[in-house]
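>>> Test case, fold it:
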Amino acid sequence: MDRAQMRRWALARREAIAPEVRRAWDETIWQGVEEILAALPAPEGIGGYWAVRSEPDVLTPLAAWAARHGIGVALPVALQKGAPLIFRPWRPGSPMARDVFGLPVPAGEEAVWPAVLLVPLVAFDAAGYRIGYGGGFYDRTLAAYRAAGRPVTAIGVGYECTRLPDTHPGVHDLPMDWIVTEAGTFQPAARKRV
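Just a heads-up that it's a prediction; the model follows:
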């Protein structure tokens with residue numbers, strides 16, 4: 001399969017998960033994310049995401065956890081195609097707008113650099129590489145963090161049924177630091193492949 005075929009395969013598998021199974025798996029995935037967050041030095045912010053297209057939904061427990069720990073949550077905003085994402089502060093009840101893809105994003109202009117990013121996975125492999133929706137937004141965003149000298153921990157969040165033996169990453173693809181699924185958490189061999 002090429003990457004487009006892998007994406008279609010993974011999306012079909014993800015969308016076939018029964019709603020009650022998905023809810024149970026999302027709770028388990030959140031527990032794995034929470035364990036990683038508890039083991040990290042307290043971050044200066046966490047970048048979540050607004051779940052779409054059958055993605056694992058961990059935003060509500062993330063917001064509650066972050067509030068208890070006095071840590072801000074931000075959501076990604078796509079300002080234009082072919083550019084890195086920016087992150088805007090968010091909390092439940094924040095005014096929302098729409099980005100260039102029509103997705104809900106925090107309104108306003110303030111941008112922040114969360115030290116931890118939760119990254120939705122369409123598919124992934126054991127080396128920590130992911131397949132997203134094909135726009136390259138998260139790879140550009142992680143590269144922008146590196147270029148700006150800002151440390152970031154990328155936690156990929158997905159379902160085990162979308163794991164692949166190899167995602168055939170390209171030269172610009174960057175691996176996740178952690179992967180969390182309903183089957184558990186793992187820290188992949190984060191090495192650049194070409």
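>>> From Ala107, how far out is the most centrally placed residue in the chain?
In the chain, the residue lying closest to the centroid (CA atoms, centre = their mean) is Val119, at 0.9 Å. Distance from Val119 to Ala107, counting by CB to CB, to the nearest Å: 23 Å. Any C-beta I mention is one placed from the backbone N, CA and C, and that applies to glycine too.
>>> Can you list the helices and strands that whichever strand or helix holds Gln31 packs against?
Secondary structure from DSSP states H and E places Gln31 in helix 19-39. Here helix 19-39 touches helix 59-69, strand 153-157, strand 178-181, strand 184-186, going by 3 or more CB pairs under 8 Å, 6 or more residues apart in numbering; DSSP states H and E.
>>> hey, which of these is tucked in deepest?
Among the helices and strands packed on helix 19-39, the stretch with the highest mean neighbour count (mean count of other CB atoms under 10 Å) is strand 178-181, at a mean of 25.
>>> about what we covered before: give me the residues contacting the helix or strand following the helix holding Gln31.
Per DSSP H and E, the first helix or strand lying C-terminal to helix 19-39 is strand 46-47. Strand 46-47 has contacts (CB atoms under 8 Å, 6 or more residues apart in numbering) with 37, 62, 66, 71-76, 87, 114-118.
>>> as a whole number, average confidence for stretch 96-109?
The average pLDDT for stretch 96-109 rounds to 91.
>>> how about that stretch: buried residues?
For stretch 96-109, a neighbour-count test (16 or more other CB atoms under 10 Å) marks Asp99, Leu103, Val105, Pro106 as buried.
>>> try stretch 67-86
Using 16+ other CB under 10 Å as the test for burial, stretch 67-86 gives Ile71, Gly72, Val73, Ala74, Leu75, Pro76, Val77, Ala78, Pro84, Leu85, Ile86.
>>> Next, format the residues you listed as a markdown table and append pLDDT and secondary structure.
Below are the buried residues of stretch 67-86 laid out as a markdown table (pLDDT from 0 to 100; DSSP: H, G, I helix; E, B strand; the rest coil):
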| residue | pLDDT | secondary structure |
| --- | --- | --- |
| Ile71 | 96 | coil |
| Gly72 | 96 | coil |
| Val73 | 97 | strand |
| Ala74 | 97 | strand |
| Leu75 | 97 | strand |
| Pro76 | 96 | strand |
| Val77 | 95 | strand |
| Ala78 | 92 | coil |
| Pro84 | 94 | coil |
| Leu85 | 95 | coil |
| Ile86 | 95 | strand |
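>>> Okay, now the unreliable bits of the chain?
Along the chain, the model assigns pLDDT under 70 to residues 189-194.
>>> hmm, back to that, how about the buried residues of stretch 96-109 in CSV, adding distance to Ala144?
Below are the buried residues of stretch 96-109 laid out as CSV (distance: CB to CB, whole Å):
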residue, distance to Ala144
Asp99, 17
Leu103, 19
Val105, 18
Pro106, 19
